[in-house]
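>>> Okay, predicted coordinates and the sequence, questions at the end:
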Amino acid sequence: MAVSRELGAGRGARARLRAPAGRVCRAGGSRPHLRPECRIPSGAAALASRVPWELPPGAQMGGKPGRGPERAVSRLRGRQQVQRRRPAGSAESSESLAAASSPGPRRRANDPLTSSPGRSSSRRADALTSSPGRDLPPFEDESEGLLGTEGPLEEEEDGEELIGDGMERDYRAIPELDVYEAEGLALDDDDVEELTASQREAAERVMRQRDREAGRGLGRMRRGLLYDSDEEEEERPSRKRRQVERATEDGEEDEDMIESVENLEDLKGHSVREWVSMAGPRLEIHHRFKNFLRTHVDGRGHNVFKERISDMCKENRESLVVNYEDLAAREHVLAYFLPEAPAELLQIFDEAALEVVLAMYPKYDRIASRIHVRISHLPLVEELRSLRQLHLNQLIRTSGVVTSCTGVLPQLSMVKYNCNKCGFVLGPFCQSQNQEVKPGSCPECQSAGPFEVNMEETIYQNYQRIRIQESPGKVAAGRLPRSKDAILLADLVDSCKPGDEIELTGIYHNNYDGALNTANGFPVFATVILANHVAKKDNKVAVGELTDEDVKMITSLSKDQQIGEKIFASIAPSIYGHEDIKRGLALALFGGEPKNPGGKHKVRGDINVLLCGDPGTAKSQFLKYVEKVSSRAIFTTGQGASAVGLTAYVQRHPVSREWTLEAGALVLADRGVCLIDEFDKMNDQDRTSIHEAMEQQSISISKAGIVTSLQARCTVIAAANPIGGRYDPSLTFSENVDLTEPIISRFDVLCVVRDTVDPVQDEMLARFVVGSHVRHHPSNKEDGGPGGAPEPAMPNTYGVEPLPQEVLRKYIIYAKEKVHPKLNQMDQDKVAKMYSDLRKESMATGSIPITVRHIESMIRMAEAHARMHLRDYVMEDDVNMAIRVMLESFVDTQKFSVMRGMRKTFARYLSFRRDNNELLLFILKQLVAEQVTYQRNRFGAQQDTIEVPEKDLVDKARQINIHNLSAFYDSELFRMHKFTHDLKRKVILQQF
C-alpha cells in the first residue's frame with residue numbers, strides 16, 4: 001500500500017497508455033512488440049527508459065501476498081540482482097537494465113499494463129520499454145525457477161501464447177516474493193481517512209502549485225510532469241479558441257483577443273480571395289460576423305438582427321437581409337473583403353448566421369437547413385451596359401426591368417450516387433455553379449462505375465433564370481437597351497415576374513457557352529449574375545427614400561388652398577397654354593382608386609387620356625414630359641409597335657429550349673404609365689389587342705402550352721393625328737379620328753388641340769418660345785438644369801407660382817402610395833343628373849356615345865382630385881372638378897355649330913373653380929374676335945387697335961352673375977393681354 005501511494009504521488013507519471021488484452025507479438029521472432037494499435041511512440045519509450053525508479057531510503061517490502069503491483073516490483077528487483085551477477089558482455093544486460101528502469105511500476109494500480117500479476121505483466125512491461133533501435137533477445141524471467149517450472153518456455157513463431165494451460169501459474173502465491181519488510185514504514189491503513197471531494201480538490205491544487213514552483217526553480221518542468229507539459233501544449237490552442245468563442249457568445253468586444261487569433265488587415269502578400277480561403281482568416285471572419293449579428297444595435301438601442309431573425313422564423317423564411325452600410329460602419333474589414341471575394345465571404349456569413357439562428361431557435365434546422373445572408377444597399381450601382389471584365393467574380397448592384405423568366409427547376413445541391421455494380425451509396429457531393437462533381441471510382445468495389453443519381457437521398461434547391469433589361473427611361477437616345485441573364489436560387493425564385501422593375505445584387509460570373517465560341521470563332525465566355533438580393537422598385541421603395549423633411553414639406557403644401565392650381569401650372573411649364581390638357585394629365589398622374597370587390601370583379605383606377613389635334617401643337621412634347629416626371633413610364637410609337645410588342649409573346653429559350661414568356665410595353669409599364677405616340681398609325685388588329693389591357697388591365701396569353709394572365713395596371717396616354725392632317729371642326733370627333741368606338745370609350749379624357757389664328761395669342765406664344773430658347777441655352781449659367789422647373793417668360797393663366805419638378809415628382813409618389821380617398825360623402829344625385837343630361841345631348845348631336853364607363857371616369861377623376869389635395873374623402877369640390885373636366889372633354893369633341901349652345905347649357909358646371917378674371921377674359925376675347933371680323937370685312941384690313949364697348953362686356957358678365965369688373969381691369973391678366981380701360985370713353989382697347 002505504501003508503494004502504491006508513492007507511485008501515485010506524482011501526477012506527471014500518469015502515462016495514458018492502454019494495451020488491449022491479447023497477445024504480445026514478436027517481430028521477426030526475436031523482438032517483442034505490441035500490435036500497431038498498442039504501440040507507444042519511440043520518443044515516449046526512450047523517455048520512459050530514462051526515468052529512474054527507486055524506493056525511498058529505508059523502505060522495505062512487506063504485506064499481504066498475491067497482489068499484482070507488489071509482485072511486479074519484487075520481480076524487477078530480482079532481475080536487477082541477477083543482472084549484477086552476470087558478466088558485462090551478456091547479451092541480456094542492456095534489455096534487463098531497460099526493463100529495470102521502466103516506469104511501469106509508477107502507473108496506477110488499475111492500469112491494464114501494470115495490474116496483471118505474474119509473468120504476463122512483466123513481459124508486457126518488457127515489450128513497452130525495450131529499445132526500439134536495436135534488435136535484442138528477450139531476457140529470461142528469473143521467477144520461473146521459483147515457481148518450480150522445468151525446461152525452457154516453448155515459443156511459437158508468431159509470438160508467445162499468454163492464454164493457455166499455464167495461465168493459472170501467474171496467479172499462484174509466491175511467499176518468497178510477496179513479503180513486505182515492515183521496518184521504516186510508519187504508515188497504517190487504519191490512520192488514513194477517506195478524503196472528501198473538496199479536500200481532494202484542495203490537495204490537488206496545492207500539488208499543482210508545488211510542481212509549478214519546482215519547475216520554475218529548476219528553469220524547466222519537473223521530469224515527472226513532462227507528459228502533462230505535452231498535453232498542455234496540445235490543449236493551449238483549443239483553450240484559446242474556447243475563450244474567443246465564449247467572448248463572442250457573451251457579446252464582449254475584446255479586440256485584443258480577436259486580433260491575437262488572426263489579424264485580418266494584414267494580407268501578408270496574398271490576394272483577398274486567397275487570404276479569406278485560409279483556415280485562420282476564415283475562422284476570424286466567422287467570429288467577427290457572428291459577433292456582429294449578435295451585438296449590432298440601431299440608433300434607438302434595439303438589437304437589429306434579433307428582430308429580423310425573429311420575423312424570419314415567424315414566416316419560415318431562410319433569408320437574412322444585412323445592410324451593407326451597417327456592416328461597413330461596424331466591421332469595415334469585412335465590408336472591404338466582401339465585394340472582392342463575395343463567394344467565399346457569403347459562404348462564411350451563411351454558416352455564422354445559421355449558428356446564430358440555431359442558438360435562438362435550436363429546432364429551426366427542421367424548417368430550413370441553411371440560412372442565406374442577403375446583402376442590400378450596396379453603395380455603388382452599376383448600369384448593365386457598364387459591366388466589364390473588371391467586375392467578374394465581384395459583388396455588383398444593378399437595376400433593370402424583368403423581361404422574361406423561366407419556370408422553377410430543381411437543381412442539384414448535395415448529390416448522392418448509386419454504384420450499379422455493388423449498390424453502394426456514394427456521397428454526398430456538393431455541386432457548385434461552375435462545375436459538376438462526379439465520383440471517379442466506387443470505394444466499395446473499386447469499379448469505375450457506372451453510377452446513377454440517388455433520387456431519394458439527393459438534396460435539391462430551387463433554380464430560376466430571368467433576364468433583366470435596362471429601364472427604358474435610362475437608355476440614352478439612339479442606343480438599344482442592354483440585357484443580362486440572372487440566376488435566382490433557393491427562396492429568391494418567383495420573387496419577380498416579367499414587367500417588374502428590380503434592383504439586383506449578386507456576383508458577376510462568367511459561364512462557358514459553346515454557341516458563342518461557334519458564332520465568334522474563338523473562345524469567349526457568356527456572363528451571368530448569380531443573384532444574392534432582389535428588391536422591387538415600386539412606389540413603396542420610392543416612398544421609403546423620402547426623408548422626413550420631404551414628408552413634412554409635402555404635408556405643408558397640401559394645406560395650401562391653391563395647391564390644385566399650382567400642380568396644374570407645374571405640368572409641362574415649358575409648353576405655353578393648353579390648360580385643359582395639363583389638367584387632364586395632372587389627374588392621370590395622380591390616378592383614382594382601384595376596386596376589387598370580393599376578388600372577382602376588378603375595376604381599374606387609372607385614367608386614360610387621348611390627345612388629338614393639329615400638327616405642331618406639342619402633343620408629343622406632353623408625352624415626353626410625362627415620361628420624365630413619372631416614376632415608371634414606357635414610351636413607344638404606334639408605327640413601330642405591334643400587338644405582341646405592346647402585350648406579350650412567347651419564344652423558345654436558346655439554352656434550355658423551353659418556351660419562355662416575354663413582356664411587352666404594357667406589361668413593362670405595370671403600375672406606371674404607357675405612352676403611345678402616333679396612335680392612329682397602328683393596325684386595327686394591333687389596336688384591338690390592347691382592349692383588354694386598357695379596361696381589365698390584364699393580358700391573357702395562350703400560346704405554346706403557356707396559359708397565363710399578366711398584369712398591365714398602367715395609365716395609357718396616347719396621341720393621335722386627325723384624318724387628313726388637320727382637325728375639321730365641322731365634323732364629329734369620330735369622323736376626325738380613325739379610331740373605333742370601343743377604343744374611344746376606353747379613354748376617360750379626350751383632349752382636342754386646335755391651331756387657331758389669334759394675333760395676341762400668337763405673339764405671346766412666339767415670345768414664350770424665344771424666351772425659353774434664350775433661357776435654356778447651354779452656356780447660360782442661369783439654367784436650372786433638368787431637375788428644376790424653368791420659369792415662364794410671363795405669368796401663366798393660373799396666376800400662381802408652379803412647383804419645382806423634383807418636388808412635384810415626390811408629391812405624386814407620396815400621394816399615390818399614402819392617400820386612398822373614399823366615396824361615402826360623394827353627391828350621388830349630381831353625378832346621376834349629369835350622366836342623364838350627357839346621354840340626352842349625345843343622342844341629340846350624334847357625337848361620341850356616352851356609356852356607363854363615363855360614370856366611372858367621373859368617379860376616378862373625383863378620386864384623383866381628392867388625392868391631389870391629400871384628402872381621405874371625396875368632397876363636393878372634387879365631384880364638380882371631375883364634372884368640369886368631363887364636360888370640357890365632351891364639348892370640345894362636338895361640332896362647332898353645337899359647341900356654343902352646349903357651353904351655354906352646361907355653363908354652371910364649366911365655370912366651376914374658374915377665376916372671375918378668367919371668365920371675363922374669355923368673354924372679352926370673344927368680343928374682340930367679333931370686332932376683328934367686322935373690321936376686316938368693312939375696311940379690308942386689320943386695324944392696329946381694336947375697341948370694344950364696355951357695355952357689351954358688362955352685359956355678358958351679368959349673365960354669369962358677375963357685377964363688379966373693377967378687379968378685372970386692375971388685374972395682371974388684363975394687362976398681360978395688352979388690354980387698357982378708357983374710363984372717359986367707356987371702351988376697352990387692345991393693341992396689336
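Sure, I can see it. Worth saying up front: this structure is predicted, and the values here are computed from it rather than measured.
>>> quick one: secondary structure of Leu354?
Using DSSP: H, G, I helix; E, B strand; the rest coil, the structure places Leu354 in helix.
>>> Check what pLDDT it gets.
If you check Leu354, the pLDDT there is 93.
>>> Tell me how many other residues crowd it.
Counted with other C-beta atoms under 10 Å, residues neighbouring Leu354 total 21. Placement of C-beta: from N, CA and C, glycine included.
>>> next one: Ser376
By other C-beta under 10 Å, 17 other residues sit near Ser376.
>>> doesn't Val322 make contact with it?
Yes: applying C-beta atoms under 8 Å, one finds Ser376 in contact with Val322, separated by 7.1 Å.
>>> How about Leu823: what's its closest non-neighbour residue?
Distances taken as C-beta to C-beta, 6 or more residues apart in numbering place Val874 nearest to Leu823, at 5.2 Å, with adjacent residues excluded.
>>> ignore the last one, Asp755
What sits nearest to Asp755 in space, not counting adjacent residues and going by C-beta to C-beta, 6+ apart, is Asp614, at 4.1 Å.
>>> Also Leu409?
Nearest non-adjacent residue to Leu409, counting by C-beta to C-beta, 6+ apart: Tyr463, 4.7 Å away.
>>> Over to Asn596?
Nearest residue to Asn596 in three dimensions, chain neighbours excluded: Lys602, at 4.6 Å (C-beta to C-beta, 6+ apart).
>>> give the contact list for the one you found.
Applying C-beta atoms under 8 Å, 6 or more residues apart in numbering, we find Lys602 in contact with 594-596, 696-697.
>>> Likewise for Gln469?
384, 400-403, 481-483.
>>> what does the domain assignment say about the protein?
2-187, 251-376, 384-537, 828-910, 916-991 (automatic domain parsing).
>>> quick one, phi psi at the residue nearest to Asn596?
Backbone torsions for Lys602, taken as degrees, to the nearest 10, come to phi -100, psi 130.
>>> if I look at it, how far off is Asp680?
According to C-beta to C-beta, to the nearest Å, Lys602 and Asp680 sit 29 Å apart.
>>> low pLDDT regions in the stretch 801-950 of the chain?
825-827, 846-847, 897, 907-916, 940-943 (pLDDT under 70).
>>> just the strands in it please.
All strands of the stretch 801-950 of the chain, identified by DSSP state E, counting those that start in this stretch, fall at 945-949.
>>> just the helices in it please.
Secondary structure of the stretch 801-950 of the chain by DSSP state H, counting those that start in this stretch: the helices cover 805-818, 828-845, 852-868, 876-892, 896-905, 907-910, 916-939, 950-959.
>>> Which one of these lies nearest to Val769?
Minimum separation from Val769 across the helices of the stretch 801-950 of the chain (C-beta to C-beta) falls at helix 805-818, 19.6 Å.
>>> buried residues in the closest one?
Across helix 805-818, burial judged by 16 or more other C-beta atoms under 10 Å covers 805, 807-817.
>>> So what angle separates the directions of that helix and helix 852-868?
With axes from the mean of the first three to the mean of the last three C-alpha atoms, to 10 degrees defining the directions, helix 805-818 sits at 110 degrees from helix 852-868.
>>> Show me what helix 805-818 is packed up against.
Applying 3 or more C-beta pairs under 8 Å, 6 or more residues apart in numbering; DSSP states H and E, we find helix 805-818 packed against helix 539-544, helix 548-558, helix 563-570, helix 579-590, helix 619-629, helix 852-868.
>>> Report the angle between it and helix 563-570.
Going by the same axes, to 10 degrees, helix 805-818 is angled at 130 degrees with respect to helix 563-570.
>>> send the alpha carbons of helix 805-818 over as CSV?
Extracted as CSV, the C-alpha positions of helix 805-818 are listed here (Å, rounded to 0.1, in the frame of the first residue of the first chain):
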residue,chain,number,x,y,z
GLN,A,805,-40.3,69.4,-60.9
GLU,A,806,-38.5,67.4,-58.3
VAL,A,807,-41.0,68.5,-55.6
LEU,A,808,-43.9,67.6,-57.9
ARG,A,809,-42.5,64.2,-58.5
LYS,A,810,-42.1,63.5,-54.8
TYR,A,811,-45.6,64.8,-54.2
ILE,A,812,-47.1,62.5,-56.8
ILE,A,813,-45.2,59.4,-55.4
TYR,A,814,-46.3,60.2,-51.8
ALA,A,815,-50.0,60.8,-52.8
LYS,A,816,-50.3,57.7,-54.8
GLU,A,817,-48.9,55.5,-52.1
LYS,A,818,-50.2,57.1,-48.9
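>>> picking up where we left off before, and the residue nearest to Asp755, its phi and psi?
phi -70, psi 160.
>>> Tell me how many other residues crowd it.
When neighbours are counted by other C-beta under 10 Å, Asp614 registers 16.
>>> which SSE is Phe289 in?
Taking DSSP states H and E as the criterion, Phe289 maps to helix 279-295.
>>> For the helix or strand just after that helix, buried residues please.
The helix or strand immediately downstream of helix 279-295 is helix 304-314, counting by DSSP H and E. Using 16+ other C-beta under 10 Å as the test for burial, helix 304-314 gives 304-306, 309, 312-313.
>>> Perfect, that will be all.
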